[in-house]
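Peer 1: Sequence first, then the predicted structure, then my questions.
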Amino acid sequence: MAPRLRRNLSTDTDTNTTAAATAVATLERPATADAQHTADAQHTADAQHTADAQHTAETAETRGADGAAIRIRGLRRTFGNHTVLDGLDLTVASGEFVALLGRSGSGKSTLIRILGGFDGGISGEVLATRQRSVVFQEARLLPWTRTLANVTIGLSGRDVAERGRVALAEVGLAGRERSWPVALSGGEAQRVALARALVREPDLVMLDEPFGALDALTRIRMHALLQQLCRRHRPAVLFVTHDVDEAILLADRVLVLTEGRLSLDVPVDVASPRRRTDPAFDRLRSTLLAELGVDELAEGDH
Ligand SMILES: Nc1ncnc2c1ncn2[C@@H]1O[C@H](COP(=O)(O)OP(=O)(O)OP(=O)(O)O)[C@@H](O)[C@H]1O
């Protein structure tokens, strides 16, 4: 069956949505920003970009085909002479949790940006479910707006504040609605980012190294929270990480991105609750590390 709403992206500039074009313009800011304003401006741009992203995600006219949350065929993205994505194919089923690994610079974030609708310079076919949210490594909260307003940014309607409160309660931050972002810990700020993603009731949540900046203990708590939220809401998840163990702990399926394509696509066949000491866990870890070109024994010698 043909997808209901279909989006073929085959030109250098995505002209399908103005919002997407705006977001791209915001995202691809020049590297030579005025040094004096860099910190503040960057922060503002990031937060605003995130808000734009949510807006873009909600307004993009896309719909997963045949029950899939993501269907990509022959996706290509180049920057000048540098080909980052080179004919990539990917299908993510509705409700499926997929982790994406890849060496630094392999194009993981580029893929997320394309799926988020912030990057138009591509060729190939990209179909994604309409309601989608993105969570980044930094929470990207607007510092001058309280927590609840950060969660509901860009939303309208009479029940928005209540929806925001429910989302905050779900991430364990009931009562923190009036806190300023500066008063939140890194883990709390990331919980707010999760609440901001969830309040939009997405069919697809894309997370780009969301726990990369958190300490080990907070990460473990965030893993449990994310699993709980996924069980409750059942969105499809595309989770970018550098951490092989994190991928195996959380995902139904793990992908490795190498030279612009998926060089490995394996189901996580490890009994729950997943334990690092399980031989099946260990075997999969070795397979993934080998694919990433990491020599476990050599790494252990350091
Ligand atoms: N706007 C841009 N202009 C030019 N090159 C870009 C742009 N965005 C990304 N790239 C290049 O594309 C490649 C992939 O970048 P990307 O951020 O997607 O990698 P990544 O896999 O997410 O890396 P990391 O794991 O280090 O975050 C890199 O070589 C990067 O320099």
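Peer 2: Everything's here; your move.

Peer 1: what does the stretch 101-250 of the chain have sitting close to the ligand?
Peer 2: Residues of the stretch 101-250 of the chain found near the ligand (C-beta under 6 Å from any ligand atom) are 102, 104-110. (Glycine included, C-beta is placed from N, CA and C.)

Peer 1: buried subset of those?
Peer 2: Neighbour-count burial (16 or more other C-beta atoms under 10 Å) applied to those gives 102, 106-110.

Peer 1: which residues touch Arg77?
Peer 2: When contacts are counted by C-beta atoms under 8 Å, 6 or more residues apart in numbering, Arg77 touches 83-85, 107, 110, 114, 119, 121-122.

Peer 1: For the residues you listed, which entry has the maximal number of neighbours?
Peer 2: The most crowded member of the contacts of Arg77, judged by other C-beta atoms under 10 Å, is Gly107 (26 neighbours).

Peer 1: residues in contact with that residue?
Peer 2: Shown in contact with Gly107 (C-beta under 8 Å, 6+ apart): 77, 84-85, 257, 260.

Peer 1: domain parsing for this protein?
Peer 2: Domain assignment of the chain by the TED database yields the ranges 68-131+202-292, 139-201.

Peer 1: nearest residue to Gly187 other than its sequence neighbours?
Peer 2: Excluding the flanking residues, the one nearest Gly187 by C-beta to C-beta, 6 or more residues apart in numbering is Thr218, at 4.0 Å.

Peer 1: Is Glu177 part of a helix or strand, or is it coil?
Peer 2: Using DSSP: H, G, I helix; E, B strand; the rest coil, the structure places Glu177 in coil.

Peer 1: where does the nearest residue to it once chain neighbours are set aside land on pLDDT?
Peer 2: Closest residue in space to Glu177, ignoring its immediate chain neighbours: Leu148 at 3.8 Å, by C-beta to C-beta, 6+ apart. Per-residue confidence (pLDDT) for Leu148: 98.

Peer 1: Could you do Asp12 as well?
Peer 2: Predicted confidence (pLDDT) for Asp12: 28.

Peer 1: returning to what we had before: in contact with the residue nearest to Glu177, which residues?
Peer 2: Here Leu148 is in contact with 161, 164-165, 168, 177-178 (criterion: C-beta under 8 Å, 6+ apart).

Peer 1: again with Val151
Peer 2: By C-beta under 8 Å, 6+ apart, the contact set of Val151 is 164, 167-168, 192, 195-196, 199.

Peer 1: one more time with 10 Å, if that's ok
Peer 2: 141, 145, 160-161, 163-168, 171, 173, 177, 192-200 (C-beta atoms under 10 Å, 6 or more residues apart in numbering).

Peer 1: Distance-wise, check the closest residue to Leu249 other than its chain neighbours relative to the ligand.
Peer 2: Spatial nearest neighbour of Leu249, excluding adjacent residues (C-beta to C-beta, 6+ apart): Arg274 at 5.3 Å. With distances taken as C-beta to the nearest ligand atom, to the nearest Å, Arg274 is found 24 Å from the ligand.

Peer 1: ok, now Gly124?
Peer 2: As for Gly124, its distance to the ligand is 16 Å (criterion: C-beta to the nearest ligand atom).

Peer 1: Now do that residue, the pLDDT please.
Peer 2: On pLDDT, Gly124 comes in at 95.

Peer 1: Look at it and say how many residues are nearby.
Peer 2: Gly124 has 18 neighbouring residues, counting by other C-beta under 10 Å.

Peer 1: And for Glu125, the neighbour number?
Peer 2: Residues near Glu125, counting by other C-beta under 10 Å: 18.

Peer 1: Tell me the secondary structure at it.
Peer 2: Following three-state DSSP, Glu125 is assigned to strand.

Peer 1: confidence score at the closest residue to it other than its chain neighbours?
Peer 2: For Glu125, ignoring the flanking residues on the chain, the nearest one in space by C-beta to C-beta, 6+ apart is Arg73 at 4.4 Å. The model reports Arg73 with a pLDDT of 96.

Peer 1: who's in contact with Arg73?
Peer 2: Taking C-beta under 10 Å, 6+ apart as the test, what Arg73 contacts is 8, 87-91, 124-127.

Peer 1: Counting neighbours, which of those end up buried?
Peer 2: 88, 90-91, 124-127.

Peer 1: Closest to Ala251 out of the residues you listed?
Peer 2: Closest approach between the buried ones among the contacts of Arg73 and Ala251, by C-beta to C-beta: Leu90, at 13.9 Å.

Peer 1: So in that sheet, which strands flank the helix or strand hosting the closest one, and in what orientation?
Peer 2: Using DSSP states H and E, Leu90 maps to strand 82-93. Paired with strand 82-93 in the same sheet, following DSSP bridges, are strand 68-79 (antiparallel).
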